[in-house]
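Asks: Okay, sequence plus prediction incoming.
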4 protein chains.
Amino acid sequence: MDYQDLLDVVHQEVRPHIGKGRVADYIPALARVPAERFGLCLHLLDGREYGVGDVDEAFSIQSVSKVFALVLALGALGEQIWQRVGREPSGNPFNSLVQLEYEHGIPRNPFINAGALVITDWLLGLHADPSAELVAWLRRESASARVAIDAEVAASERAHGDRNAALAHFMKSCGNLQAPVERVLQTYFDHCAIRMSCRELARAGALLANHGRSPITGESWLTRSQAKQIAALMLTCGTYDAAGDFAFRVGLPGKSGVGGGILAVIPQRMSLCVWSPGLDPRGNSLAGVEALERFTTLSGISIF
Amino acid sequence: MDYQDLLDVVHQEVRPHIGKGRVADYIPALARVPAERFGLCLHLLDGREYGVGDVDEAFSIQSVSKVFALVLALGALGEQIWQRVGREPSGNPFNSLVQLEYEHGIPRNPFINAGALVITDWLLGLHADPSAELVAWLRRESASARVAIDAEVAASERAHGDRNAALAHFMKSCGNLQAPVERVLQTYFDHCAIRMSCRELARAGALLANHGRSPITGESWLTRSQAKQIAALMLTCGTYDAAGDFAFRVGLPGKSGVGGGILAVIPQRMSLCVWSPGLDPRGNSLAGVEALERFTTLSGISIF
Amino acid sequence: MDYQDLLDVVHQEVRPHIGKGRVADYIPALARVPAERFGLCLHLLDGREYGVGDVDEAFSIQSVSKVFALVLALGALGEQIWQRVGREPSGNPFNSLVQLEYEHGIPRNPFINAGALVITDWLLGLHADPSAELVAWLRRESASARVAIDAEVAASERAHGDRNAALAHFMKSCGNLQAPVERVLQTYFDHCAIRMSCRELARAGALLANHGRSPITGESWLTRSQAKQIAALMLTCGTYDAAGDFAFRVGLPGKSGVGGGILAVIPQRMSLCVWSPGLDPRGNSLAGVEALERFTTLSGISIF
Amino acid sequence: MDYQDLLDVVHQEVRPHIGKGRVADYIPALARVPAERFGLCLHLLDGREYGVGDVDEAFSIQSVSKVFALVLALGALGEQIWQRVGREPSGNPFNSLVQLEYEHGIPRNPFINAGALVITDWLLGLHADPSAELVAWLRRESASARVAIDAEVAASERAHGDRNAALAHFMKSCGNLQAPVERVLQTYFDHCAIRMSCRELARAGALLANHGRSPITGESWLTRSQAKQIAALMLTCGTYDAAGDFAFRVGLPGKSGVGGGILAVIPQRMSLCVWSPGLDPRGNSLAGVEALERFTTLSGISIF
């Protein structure tokens, strides 16, 4: 079966799940997204692309941005970043303060909110405007000029950002943020508010399947070892407090966002991105996880 | 033995402890206070006052202000305030976020920082400028025009206030603060930065020993039942995570601050205030607790 | 108003609450107790006794036994007992393992289950059969030969005692129990299964109001200071995770049990015991707390 | 480079780490194992085996037994086992009670102690003597008649087993154990006390790399999907609270034990087992993790 046929079957089988779950509604701009959207796009390392559904419709990438922020920080700064953020699953909700307090302000990993704030802080030491930097990088890596920050979403995140502000102030009080809290938060909210499509995300993530070298631009952003490390982190920590379940069902490194997107990689073969806004109780796209599970089952592809 | 003799004996006996412990140094303005200060003042309900040591030297009242903020809020608003803050000991450090997260943003009691922030928020619904209001009230109740906010300390608290900002933003995210976070924090820091002497604090606290009626101004700020409730809270929650030990050793309702002050009450007899800046490991004045313990032992006065 | 009239008024006013709440049903023997029972007995230090309702009906004293175990241990061993158990409110349910783990197996106080197990362990170092010892002591102190362990309740506690077994094994693993776990548990369950009436409990508790000297037998079991310490502990820790609320409403040192009994003391005046099996959501007798609150309000007696 | 050459290089490079770390000493029988032992064995799915060092010396497999217990339970009972144990990383020490209490007695995964106790309980519903059953299974699957329970270690585990007893009693109190606590514990300690060599473990684990079918006996113990699930669990939860770090450095599903053994699998290629008794601070074999990291780096084999 070729990939396009496979995607068509997956789309067909997953149809009853599309529109199920709850669209994120903690900010109005996200709550307005129609629940019945669905897209799934593969980007093979040889450049071929396959897609079904709304693969070119931009959506709010939210926490998927955490992967790209980590790529930029790890690529530029190397192993020193791990002095201020761990690499272990948290076993706790993504925005919990409990573990952060017990562990003295060192977040468990870069994919929970506290950890992403630390990564953002590292980027603020590197770039005058990390948001512009990240957008520019994503435009190049996805070969798409339309990648942009949704200003309405960013403003809305900020207006409803007290939980993240609590995390940031707590870490500041522990000495684990360098930049002013307000700048860290604003930059973090900007990153979350980036809009991209499944196709654009699959392209931008392809370097993670390719030992750190982008098959789009040919540039190497990470060492082979670093690329493997990020994939390992996606597997163990990429889908909130459901990473075990995701590894169990899907068996691929993945990073999800509450906008309904999930970026996954099949090392040395392809990156893929699915999007459907309805979320399961743990904050991952309900139809998206379902689609990835069917894709790995039908294709027989899995890292395990 | 009359009270003055008693105080002299206490002073003598406690002398080896004065200057021991660690002066609070989380903000520079507090760290500069000489460790060897000590004052102890009694205010009897009939108006007599007795004192030893530095009873008229003003110091930063810090968390002792939480008692007065509670008097104003409970007196004006009554029982409704308990919808947003509990009345139980926390069994946790005064600035912990852990319990606050498990208990959905409802602080355990008004004497931990989170609870005092909620009380401050209530006051912001009552007064345009609760800081000015509290200072004016304290001037009247202590019959002393010099009670004032130390602007340097308030600014310093704010500059080092990330832990409290974390608490406030967290509660805001739970819907348990009405006013803007910044205003709540500023007002809270103002209250902590008030400077008063032992004599002034003993006077201002006398209403708590007198069924809610101030023996200084003759005004009733609390019902008899409310005054008893605040005394009960002081006993169970007034000395951080050492309330049990304080009840055990001293046997009086008391409220301490990291400036080294402790306000205590002997119901229907007197209020008393001790001050010495060196703190024990749990944040209470080391010589202060010692002095109160000796006072109750020597006088035979205790609520138990 | 004399005490008998007062008790009659309290009884009248509390009537609508009797039978409300939930009778403890974690073991069958307790679940069978009729919910509508109510008794209240005062024992004044001069020997006078006043009672209303079922003051002479024996019930399962459950956690009220923790006070008497503490009296025996503190009286015999003195301050060394505090090396293995704290004196602070826990801010957690009475049978929680969480705090115990964070605090390395040292229970917060002797009135949560873990703390009572440590006290039991101390008693096992003193007596060959601490259960027989405690029963004999209670018979003398209550001037009642019928005080006894209810073997059916003790067996039932043991059969449903896995939560307490978890606490005991955990402390054993931390090195904070000396005797074999099974002996500690059996002795603890025996103590909980003692049956006494309101009158008997009020008598046995009278020494706590009398500086440690029993007004029944004339013997001194505690120093004045120790008696005050236990009263302080009852106030801050005696009613599970509702100690603040109890201090707030009743304003007396008290110790409750899930059998529906509450022993309270008014220092230098009297001890009193109330019993009604229906419990409020935090495990204290619903009508019992109500009755004590009315008694202190009507009599104007309070330690605050 | 062929596998034997590779193993020789790994052995050479890892030599400085052998003997480092701390040999488990919580029971005397383990503390006596010489620290400088080291073995590494590969079992390819075609039957070839390669080894260096002490590959045929038996050691206490400890928590590596948790994988085999899970194979037997999942293979026989299927998905129903997940009703009583989760599949998520815990983010906590392997023997913590905290999360277990917050999550009502449902352990996070089958590889922390509490989860393994639940799996043991499932096996007690299947077999009259699950210890004998497991040993017999391991003998067949490792083609080695000498696999056996070390009775001294099992007795020693039991004698020092209070922490596990606490976990078991707690789960019993939540209704999450069916068999008597004592039987569950004894069976669990028996499993931990099994002695096997690197070669025997690599053989017995080979089915996990082979879609559930044993290349030794030809029997299918798991469906393809179940084999992948166990590998996913090993990756996310197999090395205590260092699973993220292990995935990061080694990039293979692995399960470690405090005896110093680590079983790892490379799906569809081989299983491998390393042993060296010195442990790192998180309880994994220090030289063992080092050796696996070098093996994957030198061979270029990784699932990522």
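Replies: Right, received. Where do you want to start?
Asks: Show me where the stretch 101-250 of chain A has its helices.
Replies: Per DSSP state H, counting those that start in this stretch, the stretch 101-250 of chain A carries helices over the ranges A:113-126, A:130-142, A:151-159, A:162-173, A:181-192, A:198-209, A:224-237, A:243-249.
Asks: Which positions in the first one come out as buried?
Replies: When you say that, I think you mean helix A:113-126. Buried positions in helix A:113-126, judged by neighbour count with 16 or more other C-beta atoms under 10 Å in any protein chain shown: A:Asn113, A:Ala114, A:Gly115, A:Ala116, A:Leu117, A:Val118, A:Ile119, A:Thr120, A:Asp121, A:Trp122, A:Leu123, A:Leu124. For glycine as for every other residue, the C-beta is placed from the backbone atoms N, C-alpha and C.
Asks: Next: the fifth one.
Replies: Buried residues in helix A:181-192, counted by 16+ other C-beta under 10 Å: A:Val181, A:Val184, A:Leu185, A:Gln186, A:Thr187, A:Tyr188, A:Phe189, A:Asp190, A:His191, A:Cys192.
Asks: sorry, back to before: can you lay out the helices of the stretch 101-250 of chain A as a markdown table showing distance to chain C and mean pLDDT?
Replies: Shown next, in a markdown table, are the helices of the stretch 101-250 of chain A (distance: least, C-beta to the nearest C-beta, whole Å; pLDDT from 0 to 100):
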| stretch | distance to chain C | mean pLDDT |
| --- | --- | --- |
| helix A:113-126 | 20 | 97 |
| helix A:130-142 | 37 | 98 |
| helix A:151-159 | 33 | 95 |
| helix A:162-173 | 19 | 97 |
| helix A:181-192 | 28 | 98 |
| helix A:198-209 | 38 | 98 |
| helix A:224-237 | 24 | 94 |
| helix A:243-249 | 23 | 92 |
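Asks: Show me the one of these that comes nearest chain B.
Replies: Counting by C-beta to the nearest C-beta, chain B lies closest to helix A:162-173 out of the helices of the stretch 101-250 of chain A; the figure is 3.7 Å.
Asks: now that closest one: how far from the chain's centre is it?
Replies: Between the centre of helix A:162-173 and the centre of its chain there are 21 Å (C-alpha atoms, centre = their mean, to the nearest Å).
Asks: do it and chain B meet?
Replies: Yes - for helix A:162-173 and chain B, the contact criterion (C-beta under 8 Å from any C-beta of the partner chain) is met by A:Asp162, A:Arg163, A:Ala165, A:Ala166, A:Leu167, A:His169, A:Phe170, A:Lys172, A:Ser173.
Asks: cool, stretch A:121-132 as well?
Replies: No - Stretch A:121-132 is not in contact with chain B by C-beta under 8 Å from any C-beta; minimum separation 13.5 Å.
Asks: That stretch: end-to-end distance?
Replies: 15 Å (C-alpha to C-alpha, to the nearest Å).
Asks: And for it, what's in contact with it?
Replies: A:69, A:72-73, A:76-77, A:81, A:84, A:120, A:133-134, A:149, A:177-179, A:183-184, A:187, A:190-191 (C-beta atoms under 8 Å, 6 or more residues apart in numbering or on different chains).
Asks: Out of the helices of the stretch 101-250 of chain A, the one nearest A:Glu49 is which?
Replies: helix A:198-209 (6.6 Å; C-beta to C-beta).
Asks: relative to helix A:224-237, how tilted is the closest one?
Replies: Following axes from the mean of the first three to the mean of the last three C-alpha atoms, to 10 degrees, one obtains 120 degrees for the angle between helix A:198-209 and helix A:224-237.
Asks: what would the residues of helix A:162-173 next to chain B look like in TSV with neighbour count?
Replies: Below are the residues of helix A:162-173 next to chain B laid out as TSV (neighbours: other C-beta atoms under 10 Å in any protein chain shown):
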residue	neighbour count
A:Asp162	19
A:Arg163	20
A:Ala165	23
A:Ala166	28
A:Leu167	33
A:His169	25
A:Phe170	27
A:Lys172	24
A:Ser173	20
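Asks: which bits of the stretch 151-300 of chain A sit near chain D?
Replies: Looking at chain D, the residues of the stretch 151-300 of chain A close enough under C-beta under 8 Å from any C-beta are A:225, A:227-229, A:231-233, A:235-237, A:241-245, A:247-248, A:251, A:253, A:267, A:297.
Asks: Let's see that with 10 Å instead.
Replies: A:208-209, A:211, A:224-225, A:227-237, A:241-253, A:265, A:267-268, A:282, A:296-297, A:300 (C-beta under 10 Å from any C-beta of the partner chain).
Asks: List just the nearest of the residues of helix A:162-173 next to chain B to chain D.
Replies: For the residues of helix A:162-173 next to chain B, the nearest to chain D is A:Leu167 (16.3 Å; C-beta to the nearest C-beta).
Asks: Distance check, the residue in the stretch 101-250 of chain A that chain C sits nearest to against B:Asp241.
Replies: Going by C-beta to the nearest C-beta, chain C is nearest to A:Tyr102 of the stretch 101-250 of chain A, at 8.1 Å. Distance, A:Tyr102 to B:Asp241, using C-beta to C-beta, to the nearest Å: 16 Å.
Asks: And those two? Which one has more around it.
Replies: More neighbours surround B:Asp241 than the other of A:Tyr102 and B:Asp241, with 22 against 12 (other C-beta atoms under 10 Å in any protein chain shown).
Asks: middle-most residue in chain A, spatially?
Replies: Central residue of chain A (C-alpha atoms, centre = their mean): A:Val64, 1.6 Å from the mean position.
Asks: Tell me if I'm right that that one and A:Lys255 touch.
Replies: Yes - using C-beta atoms under 10 Å, A:Val64 is in contact with A:Lys255, at 5.4 Å.
Asks: what touches both of those two?
Replies: A:Leu201, A:Gly205, A:Gly238, A:Gly261, A:Ile262, A:Leu263, A:Cys273 (C-beta atoms under 10 Å, 6 or more residues apart in numbering or on different chains).
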